[in-house]
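Colleague: Fold the following for me, if possible:
(chains A and B)
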2 protein chains.
Amino acid sequence: MKLNSNYDNIQNSYLFVEIANRVKKYTAANPAADIIKLGIGDVTRPLAPCVVEAGVKAVQEMGDAATFRGYSPDSQGYDFLRDAISRYYASFNVKVSAHEIHVSDGAKSDCGNIVDMFADDNTVLIPDPVYPVYLDSNVMSGRKVIFCDATEKDDFAPLPDKNVKCDVIYLCSPNNPTGSAFSYDKLKAWVDYANSMGAVIIFDAAYEAFVTDPSVPRSIFAVEGARYCAVELCSFSKTAGFTGTRCGYTVVPDELCGGKFAKMWARRQSTKYNGTSYIQQCMAQAAYSQEGIRQCKENISAYQKNANLISDALTDMGIYHTGGKNSPYIWLKCGMNSWDFFDKLLTQANVVGTPGSGFGKNGEWFFRLTAFNTYEKTAQAIERIKKIL
Amino acid sequence: MKLNSNYDNIQNSYLFVEIANRVKKYTAANPAADIIKLGIGDVTRPLAPCVVEAGVKAVQEMGDAATFRGYSPDSQGYDFLRDAISRYYASFNVKVSAHEIHVSDGAKSDCGNIVDMFADDNTVLIPDPVYPVYLDSNVMSGRKVIFCDATEKDDFAPLPDKNVKCDVIYLCSPNNPTGSAFSYDKLKAWVDYANSMGAVIIFDAAYEAFVTDPSVPRSIFAVEGARYCAVELCSFSKTAGFTGTRCGYTVVPDELCGGKFAKMWARRQSTKYNGTSYIQQCMAQAAYSQEGIRQCKENISAYQKNANLISDALTDMGIYHTGGKNSPYIWLKCGMNSWDFFDKLLTQANVVGTPGSGFGKNGEWFFRLTAFNTYEKTAQAIERIKKIL
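Modeller: Residues are numbered from 1 along each chain as shown, chains lettered A, B, ... in the order given. Modelled structure (predicted):
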């Protein structure tokens, strides 16, 4: 038996391990230090009350013979949830039909598994800096990956280079790690580029609920022509705090590859996946109810308040940064090796963030802060950072 | 962009669609017919009370800031569940360490995704008749698949043919669809065969909780030498009625490929999967508690009583069959084209089962009945079948 040798080419990511080690070492030497973590890439606020209520009810239904549910009738999701997601899109004027929505246990699974759809000899275009799953999942399949530089020059929302040929394009907006978001016009340029050469865009919309700027599309399907070239991954993780609860979805428009892509994805999911738990589907439905959206919005507003606090402070200090406005991430120019800046922040301000170099070569002089801590801790961290910078 | 052309080679499965169509047509013509379904491949009894209790508690914890959980610290599962699964194995004298257990949303996902571990030019050996996922997931990767005949001659539990060379072997015991189970000696022959040529066995143990015969191993790791050649897929679906709740696990022993397989699987899961919901992990832990095992066993006993009823009746009628003793499936020799038998049972007895030919060429003269209906309906179906055979 031969193992998949492509796995030998995946780079080990020591980013968060190295961060944990440095924090541990510092804390051991300075046990009194009051460390504030602004490196958290995970939600911290509890699920909305109506989501909890729906979850409790669903679990109880599973314990009663009269309402018990086995395998879902369709591995792409219950109609009640697909309809709710379709209505959610309609609420910001994007038309996506329920049958185009494929429910899953999370956007990370879909993002990893969608590579199954493509021939191995396609060329993949990935921005740098980048969420590592796009790269690693393609390296695992032995695909050729080329990078598109995202830099300060374009506020980390680059335009396509028409001289570069590729088959599959990954875009994430609002972006992880840079917090940068594509305007309609920039995203339209990518859609036109993809359509001009028959490429497919994998659009990661995990952070769409943080968008406040009306010129920033919350879905790629707000852009004309996208239905011919794009797949959209989205999630309840950031929208409704489901990082530990697990539920996401992928939108495959009817027009993509003349309908073949949707059929292939449905076949993949019905063969290699057995549907999302009824419990999570009920909880997700509640999150996209009118009351659910209102309650989830309260959590997002709390994170947005933190993000604005950080962003405004950096603006006051004259520090270049992206994000913070349409995103829980703030990507700041630290003007030095990002690990040196990490050490400076840790030792002089007792604040932990994430070195930009962990996301690619263009992150070298940048640093990521996140809005997922409490308001009090965030404000305290900002005061400390102001003192040392 | 080029799509994965291997998908063009997957056969469409019309088995359950065709069954539904024939039943629909018959019911339309005979609206008074009281149809009994013994074709169900899904549990029907509700979750155990202690599982429900754990689920409600976990959902409520997610709604409280003090106990909220985001991403799991390890995408392979919480220690509390991996420890519980390890103890479950110990309860039938199989030693599997907690770190060798990788928790997931279900055995079907793991079964589909595990093909990622292998080079595409491996040869895969699959029994016929077979659970279709083994075949389809390998066709999707473009692998060469060869079949091993399972027939009446070996009671549908075949021995390996040492002249056949292969790299990856799929075994399911107790088997879906035949209900047949490997004795220790037969399974040992497969383990020795795999070790002799460096092949890997993917062992599907989804039905292990139905084993009553002490000579039938509930895990391949009960067999000497298996830790050098096998991966085991298991699930809470049949054990604890989790088909709609979703939780499973894969055991990768340290010895497999000198530890490389476990590292690769962990890397695959941490890249393309984001951990199983905290809620399901708590529910699964409850199912494997002392009280949980007792409560789940009550459900399994009810299915076993149905299985025995069918099996005993067939024995009385002198009809050759496998399963029914260590399995919720009964695989009977219908002695005619299996679709003709389907029609005969439907029209003369108003009983629905599954034609064996849907699982492979060796199923042609066979038919599957299942034990997942109620006792009353099962007994009624048996009386009707007795009258027409």
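Colleague: How about the stretch 101-250 of chain A: which residue is closest to chain B?
Modeller: When distances are taken as Cβ to the nearest Cβ, the stretch 101-250 of chain A approaches chain B most closely through residue A:112, which lies 2.6 Å from it. All C-beta atoms are positioned from the backbone trio N, CA, C, and that covers glycine.
Colleague: How about the closest residue to chain B within the stretch 251-389 of chain A, nearest residue that isn't a chain neighbour?
Modeller: Scanning the stretch 251-389 of chain A for the residue nearest chain B gives residue A:272, at 2.6 Å (criterion: Cβ to the nearest Cβ). Using Cβ to Cβ, 6 or more residues apart in numbering or on different chains and skipping residues adjacent in sequence, the residue nearest residue A:272 is residue B:112, 2.6 Å away.
Colleague: In terms of secondary structure, what does the one helix or strand the one you found maps to contact?
Modeller: Here residue B:112 sits within helix B:107-113, counting by DSSP states H and E. Based on contacts counted as 3 or more Cβ pairs under 8 Å, 6 or more residues apart in numbering or on different chains; DSSP states H and E, the elements that helix B:107-113 packs against are helix A:260-272, helix B:132-139, strand B:200-204, strand B:230-235, strand B:248-251.
Colleague: ok, the closest residue to residue A:253 other than its chain neighbours to residue A:213 distance?
Modeller: If you skip the residues right next to it in sequence, residue A:253 has residue A:227 as its closest partner in space, 4.0 Å away by Cβ to Cβ, 6+ apart. The gap separating residue A:227 from residue A:213 is 23 Å, by Cβ to Cβ, to the nearest Å.
Colleague: Which one's more surrounded, the two?
Modeller: residue A:227 (19 against 11; other Cβ atoms under 10 Å in any protein chain shown).
Colleague: give the contact list for the closest residue in space to residue A:221 that isn't next to it in sequence.
Modeller: Nearest residue to residue A:221, sequence neighbours excluded (Cβ to Cβ, 6+ apart): residue A:94, at 5.0 Å. If you count contacts by Cβ atoms under 8 Å, 6 or more residues apart in numbering or on different chains, residue A:94 has them with A:218, A:219, A:221, A:222.
Colleague: In chain A, where is pLDDT below threshold?
Modeller: Confidence mapping of chain A against pLDDT under 70 gives zero matching residues.
Colleague: which helices and strands sit right next to the helix ranked longest in it?
Modeller: Ranked by residue count and defined by DSSP state H, the top helix of chain A is helix A:290-316. Contacts of helix A:290-316 with other secondary structure elements, assessed using 3+ Cβ pairs under 8 Å, 6+ apart, are made with helix A:49-62, helix A:237-240, helix A:278-287, strand A:321-323, strand A:329-333, helix A:375-388.
Colleague: Name the residues of that helix that are buried.
Modeller: Of the residues in helix A:290-316, those scored as buried under the neighbour-count criterion (16 or more other Cβ atoms under 10 Å in any protein chain shown) are A:292-293, A:295-296, A:299-300, A:302-304, A:306-307, A:309-311, A:313-314.
Colleague: tilt between that helix and strand A:329-333?
Modeller: What separates the directions of helix A:290-316 and strand A:329-333 is an angle of 10 degrees, with axes from the mean of the first three to the mean of the last three Cα atoms, to 10 degrees.
Colleague: Could you tell me the angle between helix A:290-316 and helix A:278-287?
Modeller: For helix A:290-316 and helix A:278-287, the angle between their directions (the same axes, to 10 degrees) works out to 70 degrees.
Colleague: how many degrees apart are helix A:290-316 and helix A:375-388 in direction?
Modeller: What separates the directions of helix A:290-316 and helix A:375-388 is an angle of 10 degrees, with the same axes, to 10 degrees.
Colleague: Now do helix A:290-316: distance to the chain's middle.
Modeller: Chain-centre distance of helix A:290-316: 17 Å, with Cα atoms, centre = their mean, to the nearest Å.
Colleague: how about the residue most central in space within chain A, secondary structure?
Modeller: Nearest to the geometric centre of chain A sits residue A:206, at 3.9 Å (Cα atoms, centre = their mean). On the three-state scheme (DSSP: H, G, I helix; E, B strand; the rest coil), residue A:206 is labelled coil.
Colleague: contacting residues for the nearest residue to it once chain neighbours are set aside?
Modeller: If the residues on either side of it in the chain are set aside, residue A:206 comes closest to residue A:235, at 4.8 Å by Cβ to Cβ, 6+ apart. The contact partners of residue A:235, by Cβ under 8 Å, 6+ apart, come to A:106, A:107, A:206, A:242, A:247, A:248, A:249.
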